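Student: make a model of this:
(one chain, ligands or ions: 1)
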Amino acid sequence: MAQKFSDRIFNRVKPLWHTYLEHPFVKGIGEGTLDVEKFKHYMKQDYIYLVEYSRIFAIGAAKAHNLKTMTTFANLLHGTMNIEMDLHREYASTFGISNDELEATEPSATVTAYTSYMLNKAQSGGVENAIAAVLACAWSYNFIGKELATWPNAAEHELYGNWVQMYSSEEFSKLANDCIELINEIAEGKPDHELKELEEIVVKTSYFEYMFWDMAENKSTWPIKSTV
Ligand SMILES: Cc1ncc(C[n+]2csc(CCO)c2C)c(N)n1
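Tutor: Numbers count the residues shown, from 1 in each chain. Reported below is the predicted structural model:
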């Protein structure tokens, strides 16, 4: 059987994704030692990241060529805005952060660059660009979640256990697999130069994922603090 496009992509990003597992922020979640102030910064930034990210699912649904693709994007949109963002709202409420405060978070340089890149790719291309833009996010979180779930007590940790459980869950594995299935369907019959472009989007978003972990670890916003 011919190699699936997702296998080709995975071979390319695997070394990169393994560096996530070595990242101090991700290790801190898995080992339960992460500084809670870093986690709060991450949660707030991730919340507004997910707002922009959700727009890509909506663009994908609008650009879909068939009902199955449209339904998958709609399910991902629903899952993100309701299930995934509920996790953030629950964490925020335990930290005494209101939903309004969450929503009013000023996006960091990394979040701005990452979401602008994805939105640009999704808006300037066809439905295949939208799926390539969202693939690394949904898939790499499931990759990390499933790995951390095998670490001793990670899924039972009183604070970070819910995070590990959510991203390793069957429900999120299904969402990631739906994205993988979509990219394979969309890749069918496409010439290699077009596949290369899609692969590039997945590689770039994988780099942005690493930058996101760095941003969280360093609690960074913008390089120069504004005085205006
Ligand atoms: C920076 C960043 N990247 C990826 C995800 C994970 N994620 C985003 S959408 C989606 C699919 C279904 O909601 C998943 C798993 C995140 N939260 N933050």
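
Student: got the residues of the chain near the ligand?
Tutor: Contacts of the chain with the ligand, taken as Cβ under 6 Å from any ligand atom, map to 46, 49-50, 53, 76, 79-80, 84, 137-138, 141, 172, 175, 209, 212. For every residue, glycine as well, the C-beta is placed using N, CA and C.

Student: swap in 5 Å and give it another go.
Tutor: 46, 79-80, 84, 137-138, 141, 175, 212 (Cβ under 5 Å from any ligand atom).

Student: which pair in these spans the largest distance?
Tutor: For those, the farthest-apart pair by Cβ to Cβ is 79 and 212; their separation is 19.4 Å.

Student: more neighbours: these two, which one.
Tutor: Set residue 79 next to residue 212 and count neighbours by other Cβ atoms under 10 Å: residue 212 wins out with 22 against 19.

Student: in the protein, where is pLDDT below threshold?
Tutor: 1, 226-228 (pLDDT under 70).

Student: please, which helix or strand holds the residue nearest in space to the middle of it?
Tutor: The chain has residue 137 as the residue nearest its centroid, 2.7 Å off, counting by Cα atoms, centre = their mean. Using DSSP states H and E, residue 137 sits in helix 127-148.

Student: could you pull out the buried residues of that helix?
Tutor: By neighbour count with 16 or more other Cβ atoms under 10 Å, helix 127-148 contains the buried residues 127-148.

Student: and stretch 89-97, by the same measure?
Tutor: So stretch 89-97, judged by 16+ other Cβ under 10 Å, has buried residues 91-92, 95, 97.

Student: what does stretch 144-162 give?
Tutor: So for stretch 144-162, counting by 16+ other Cβ under 10 Å, buried means 144-149, 151, 154-155, 157, 160-161.

Student: before we move on, what about stretch 200-213?
Tutor: 201-206, 208-213.

Student: so which residues of the chain form helices?
Tutor: Remark: helices assigned in the chain by DSSP state H are 5-22, 24-31, 36-63, 67-78, 85-94, 99-103, 109-124, 127-148, 161-168, 170-187, 192-217.

Student: list the helices and strands the first one packs on?
Tutor: With contacts taken as 3 or more Cβ pairs under 8 Å, 6 or more residues apart in numbering; DSSP states H and E, helix 5-22 sits against helix 24-31, helix 127-148, helix 170-187, helix 192-217.

Student: also the last one?
Tutor: Contact here means 3+ Cβ pairs under 8 Å, 6+ apart; on that basis helix 192-217 packs against helix 5-22, helix 24-31, helix 36-63, helix 109-124, helix 127-148, helix 170-187.

Student: out of those, flag the one nearest residue 103.
Tutor: The closest of the helices and strands packed on helix 192-217 to residue 103 is helix 36-63. By Cβ to Cβ, the value is 7.2 Å.
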